[in-house]
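Undergrad: build me a model from this:
(chains A, B and C)
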Amino acid sequence: MKPAVFDYSAPESIAEALGLLAEHGSGAKVLAGGQSLVPMLNFRLARPAHLIDINGVDSLSYISANGALRIGSMTRLTALGESGDVAGAHPIIPAAVAQIGHRAIRNRGTIGGSLAHNDPAAELPAVLMALDAEVTARSADGERVVGMQDLIEDRLFDTTLDDTELLTEIRIPAAAASSSFGFQEFARRHGDFALAGVAAVITTDGSTITHAALGAFGGTHATRLPTAEAALVGAETGDAAFAAAGAGAAADFPSTSDVHGTAEYRSHLINVLTVRALNDAAGHTGGGNG
Amino acid sequence: MAENMSVVLNVNGSGRSVSVEPRKTLADAIREDLGLTGTHLGCEHGVCGACTILLDGEVVRSCLMLAVQADGAEITTIEGIADGDALHPMQSAFSEYHGLQCGFCTPGMILAGIDVVSRNPDPSPQEIREEMGGNICRCTGYQKIVESVQAAAAAMSAEGGSA
Amino acid sequence: MTTTQENRWIGVSAPRREDAPLIRGRGRYIADIEPAGTVHMAILRSPYAHARINGIDTAAAEAMDGVHCVLTAADLEGIGDFPTIWRLPGQKECTTPAFAPGKARYVGEPVAAVVADSRYLAEDALDLLDVDYEILDHVVDVEAALADGAPVINEDMGDNTIIEYTFPGINALGVAGDVEGAFEAADEIVSGRFKVGRYSGVALETRGHVAEWDDLRQTLTLHSGSQVASLLRTELAAALGIPETSVRILTPNIGGAFGNQWDRYPEDILVSLASMKLGRPVKWIEDRREALQATVHGREQLQEWQLAASTDGKVLGLKGRVLSDQGAHLHSVGIGPAWVTGAAAVNQYKIANYHCDVVGVATNKTPNSTFRGFGGPEAMFGIERMMDKTARRLGIDPAELRRRNMIQADEFPYFSPGGAVYDSGNYPAALEKALEAVEYDKVREEQQSLRDQGVYRGIGIASYIHVSGFGPSAILGILDYYTGGYEGSTVKIDPHGRATLYTGMIPMGQGTETTLAQVAADHLEIDIANVRVVWGDTDQTPYTGFGSAGSRSNVAAVAVIKAIEEIKAKAVRIGAGLLEADPDDVAYADGRISVKGAEEMRSLTLADVAQQAYWAHKLPEGDQPTLEATYVYDPANFTTACGTHVAVVDVDVDTGKIDWVKYVVVDDAGTIINPLLVEGQIHGALSNGLGGAMLEEFVYDEESGQLLSSTLMDYLVPSFTDLPDFEIHHLVTPSPHTEGGFKGMGEAGCFPAAGALANAVTDALSHLGVEADQTPVTPSRLWSLIDQAGG
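TA: Presented below is the predicted three-dimensional model:
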């Protein structure tokens, strides 16, 4: 379990990194935190001819809370989880980050790396989908802004980024004043990738739900849960609406089987977790479908 | 074969220059090029924690970094935590409370324990279990590791320092 | 039989002498050993479950810079296989070859090996090997393997049945019980079908070797983590066709073994052969993917039991069939673990009428062989689930049902119809103590009120026996187990009165070095600091019949005691001469040799006597110079550790998640040498047992025959938050027939663990009738059962 041979570059600026991407294209792989890529290198499941290590690009590591939250793609998960600005703007983010791997993983792993790697069981793509985040993708030819849905589409371990593009920033719009969140995942062990998980953000007008955004992970790919959202918007918060949303989530969820659980089980889990997340969001526990 | 690169690794307070292929993991460089074999390899895919080191004061998996990425960084390995003959309180506690059996996970466990206590000087058993969950032990069933870390935390507080 | 002096070290939680280097990162494991000129081996393994190998093109790999040699089956001319040393009557012949013999039979079977300047380069060269595989139909399910038309894995066997072995249930009078009669007389017949999952030790340190062929001396030194260096030496020499006297096995620190390192493996031959070919040190370190594919697996069985009971809760008879999924071929111990399952399944209960058929079945999977517990945990799972099913059927509390059937304290030695003689114990006392510790009645009451609140709490009892200290060599002979059951010890007193103890035991984390030093210090009545323990070098240490295992220190300890008895007798003889006294008037006490009644005046230290023994100027007639003794102890009988565990859990019926409430252990391992280390062994064995009960499983894909659990993200070992705090209590029933009263206990913790957990889960869901009969009890499996039950 030793990596195959590759050439290695460690650019110190975004421009330099983009130049290398333009030069090496599909033969290159960007090394961010490395917590997913290096295992793949060690297993020789990834065999890039050229590795572009962007850990030396200091300008990609920042958190800016001026209006929309802007997060540099090389921001480490530990920094993301401990940022007062992030917690203030979107407390669901630290709640989700706490579930990602373990301390040693979070010390190296980055937000941009997690999105670009797009493990279908990873928390952040689904959370950022629920927050209607956008990412900035830059190449030597210019820059574009891509919504999370468009970044992920139905892909796994891949995104719609071009080979020559670098994910540089994540932008998250400010939360509505009366929004609240729930985050639930089910993993077989603490810190493992989840069998299923839900990030729920709802906005209420008194007791009526005016906006609902639910992102799910643990299926074949990260996804929003439109049927569940539709069941919530316009409904009163409470067991009936949440149960309907849970059923909708199960219908929307792209379930899958593996050694950890069957597709049927995961679909059931997403239902249960959706109800629990909505109860958390509504600020009360109990009820649910159990 | 890609050309070797020259890298300076500052390990346990002293800088050493090594020449490595870019693909060489930091763990392998520490073990093979620096001869510090206390850093162990248990899985080489970031699950077991046996290769845990401190990089600029933070716990990381040395199997998930390339040696070339650590150029100029400050690295602490298990060999660097005792003060000469005087053991670090975490080391003493592991022995006293039987926090180790085969010893293979122990270097990573001790460094992870030091990290936990550096952030939380008085951790509860549950906090220790959650914070150290990324380190696997096959021998002890963990209970005595938890006791060891608690005892070390108390000793470190008494000393007035924290790692 | 018992010792006369006051124990100063036995029974004391002496600090481990093993720890000092380990906590400083100065341990020396195989991977840390790198003699000058070492080159590195990597192994190409079959990516297919079943495939004929029509050819291997090695040219590109051989031509690569930095490659020293490529080995394939073509290089095995004159090289033998490793034997299966447990060869039960009717068992088809089966060996472990160094390379897949013309066809690969499981994913991970070695096909070729490359030696290069570094492991990185060796793996590069593996990429250049081109194997012409012809893919064959495979079978990875034990019942499918027995079906007509199943692919035959070992053609020379004719089919996939390797052996059918019957336990006829012979009782103490030498006659078989009347099983059919018992079932005819039964008020209730309870059936159970259990799948015991496939998992293994998965030590944190993977296997590895450094082989050094010395052309000058024509010797092979193998640095190896084998638990049983003596057997490895014997079998390796035979396989390589070199004199055993030319082979030396050196054992450094071992990063966990858990029985898996008891076996001989293809790589033992390959790394040695490569070193002999190249005349330089060759190192092979298994990587984690290899470890999961190619280190032996354990446990997997499909059990079917039927239990005959009377309405008043007496177990009248038990009959069963155990299908043991052996994987592609028998490994070192054959179907040994499954045999033990058949031998142990009657557990602590007086079951007069017993019959069990054990069938060893080949499948296209990694060989299933030695793993901590060795068939015992599988047996305990089956019988303890059966006891709970029976209790529920009869409407009797599960604790009460056990109480009514347990062998009583005055019934030892007990001749079990499984074939073992239980030496001692107090099963009812252990059960009562466990119930008391867990506050059984209170937990039962709470269970009801919690259920009304939607909290599903379950209590699971599991009792166990662990027949350990594997045993008198003559019995091993009767069982066609081709090794001995003895352990040797040499003790040498130096001229300054310090002791060196040589043992064939190999510390793998259990603290053997410390515990044997404790035993020696007490019996020599000297300070433990003056005892050195030498292990891990076949040029110095005694041949061991059975090798190191978690439950062998008890046998080794007796060999130490016996050798020391000889030394003390000789010291008394020499001392008597020096003191000008009759030897009958001289005694050894407190590390001194003194004239009885005149200890103050006429007394010598052990050093005084030792010095004389080395000068040898005035030795008693018939005594040889120096002061040393060797004793090889062949145990008179097995020892039987025993106890009861109680698990209390909450089950989340919505997710199938199991949360720990409490776990209580009462165990009886006879006299305890070091309580702290015993606790550590119980914790560790429990985590092995509960890992397999809840998390750990080698899963094979039926479609492709692939091992799906080939990373530690798919094969889940328990971490900190997956295990409870264990509450441990001891009973001490010393073994009546071993010096010191010790019983083996390093494995016992894993015996009842899965049964206790599954019984607790089943109890929690009794309102649904869910039965946890398959391990591991994963959330997905459990929810599926809940769902089917309409929960």
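Undergrad: map the structural domains onto the sequence of the chain.
TA: If you meant another chain, say so; for now it's chain A. Structural domains annotated on chain A: A:7-56, A:59-172, A:179-281, as defined by automatic domain parsing.
Undergrad: you answered for a different chain; I wanted chain C.
TA: When chain C is parsed with automatic domain parsing, its domains come out as C:19-26+C:486-633, C:33-136+C:203-294, C:374-382+C:396-467+C:638-788.
Undergrad: comparing these, which comes out most buried?
TA: Each of the domains of chain C was scored by mean neighbour count; the highest is domain C:374-382+C:396-467+C:638-788, a mean of 22, by mean count of other C-beta atoms under 10 Å in any protein chain shown. Where C-beta positions appear, they are placed from N, C-alpha and C, glycine not excepted.
Undergrad: now do the same end-to-end measure for it.
TA: Start to finish, the residues bounding domain C:374-382+C:396-467+C:638-788 are 34 Å apart (C-alpha to C-alpha, to the nearest Å).
Undergrad: how far is that domain from where the chain is centred?
TA: Relative to its chain's centre, domain C:374-382+C:396-467+C:638-788 lies at 17 Å (C-alpha atoms, centre = their mean, to the nearest Å).
Undergrad: of all the domains of chain A, which one is nearest C:Leu330?
TA: Closest to C:Leu330 of these, according to C-beta to C-beta: domain A:179-281, at 26.8 Å.
Undergrad: check the offset of that closest one from the chain's centre.
TA: With C-alpha atoms, centre = their mean as the basis, domain A:179-281 stands 15 Å off its chain's centre.
Undergrad: likewise stretch A:108-126?
TA: With C-alpha atoms, centre = their mean as the basis, stretch A:108-126 stands 5 Å off its chain's centre.
Undergrad: rewinding a little: dump the domains of chain C into TSV; add mean pLDDT and distance to A:Ala10 as well.
TA: TSV is the format used below for the domains of chain C (pLDDT from 0 to 100; distance: least, C-beta to C-beta, whole Å):
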stretch	mean pLDDT	distance to A:Ala10
domain C:19-26+C:486-633	94	29
domain C:33-136+C:203-294	97	20
domain C:374-382+C:396-467+C:638-788	95	28
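Undergrad: can I get these in a markdown table including distance to A:Ser73?
TA: Converted to a markdown table, the domains of chain C look like this (distance: least, C-beta to C-beta, whole Å):
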| stretch | distance to A:Ser73 |
| --- | --- |
| domain C:19-26+C:486-633 | 36 |
| domain C:33-136+C:203-294 | 30 |
| domain C:374-382+C:396-467+C:638-788 | 25 |
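Undergrad: mind putting those domains into CSV with distance to chain B?
TA: What follows is these, written out as CSV (distance: least, C-beta to the nearest C-beta, whole Å):
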stretch, distance to chain B
domain C:19-26+C:486-633, 2
domain C:33-136+C:203-294, 3
domain C:374-382+C:396-467+C:638-788, 3
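Undergrad: circling back: among the domains of chain A, show me which one is buried the most.
TA: Highest mean neighbour count among the domains of chain A (mean count of other C-beta under 10 Å): domain A:179-281, with a mean of 22.
Undergrad: what's the first-to-last distance across that one?
TA: From its first residue to its last, domain A:179-281 covers 8 Å (C-alpha to C-alpha).
Undergrad: same question, stretch C:22-39
TA: First-to-last distance for stretch C:22-39 - C-alpha to C-alpha - comes to 27 Å.
Undergrad: and stretch B:52-59, by the same measure?
TA: One end of stretch B:52-59 sits 6 Å from the other (C-alpha to C-alpha).
Undergrad: as a whole number, average confidence for it?
TA: The average pLDDT for stretch B:52-59 rounds to 98.
Undergrad: quick check, distance from it to the centre of its chain.
TA: 7 Å.
Undergrad: in a strand, C:Ile728, correct?
TA: Yes - according to DSSP: H, G, I helix; E, B strand; the rest coil, C:Ile728 belongs to a strand.
Undergrad: ok, and the closest non-adjacent residue to it?
TA: Nearest residue to C:Ile728, sequence neighbours excluded (C-beta to C-beta, 6 or more residues apart in numbering or on different chains): C:Val665, at 4.7 Å.
Undergrad: not counting sequence-adjacent ones, nearest residue to C:Lys714?
TA: Actually, residue C:714 is Asp rather than Lys. Nearest residue to C:Asp714 in three dimensions, chain neighbours excluded: A:Val259, at 5.1 Å (C-beta to C-beta, 6+ apart).
Undergrad: so who does the one you found touch?
TA: Residues near A:Val259 by C-beta atoms under 8 Å, 6 or more residues apart in numbering or on different chains: C:697, C:699, C:708-709, C:714.
Undergrad: quick revisit: save the domains of chain A as TSV, and put in mean pLDDT and distance to C:Ser369 too.
TA: Compiled in TSV, those are given as follows (pLDDT from 0 to 100; distance: least, C-beta to C-beta, whole Å):
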stretch	mean pLDDT	distance to C:Ser369
domain A:7-56	97	26
domain A:59-172	96	33
domain A:179-281	97	23
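Undergrad: can you lay out those domains as CSV showing distance to C:Ile465?
TA: CSV is the format used below for the domains of chain A (distance: least, C-beta to C-beta, whole Å):
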stretch, distance to C:Ile465
domain A:7-56, 43
domain A:59-172, 39
domain A:179-281, 32
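Undergrad: wait, which of the ones you listed is closest to C:Thr538?
TA: Comparing the domains of chain A by their distance to C:Thr538 (C-beta to C-beta), the top pick is domain A:7-56, with 35.1 Å.
Undergrad: domain map for chain B?
TA: If you go by automatic domain parsing, chain B breaks into B:5-79, B:89-159.
Undergrad: can you redo these as CSV with distance to chain A?
TA: Below are the domains of chain B laid out as CSV (distance: least, C-beta to the nearest C-beta, whole Å):
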stretch, distance to chain A
domain B:5-79, 3
domain B:89-159, 3
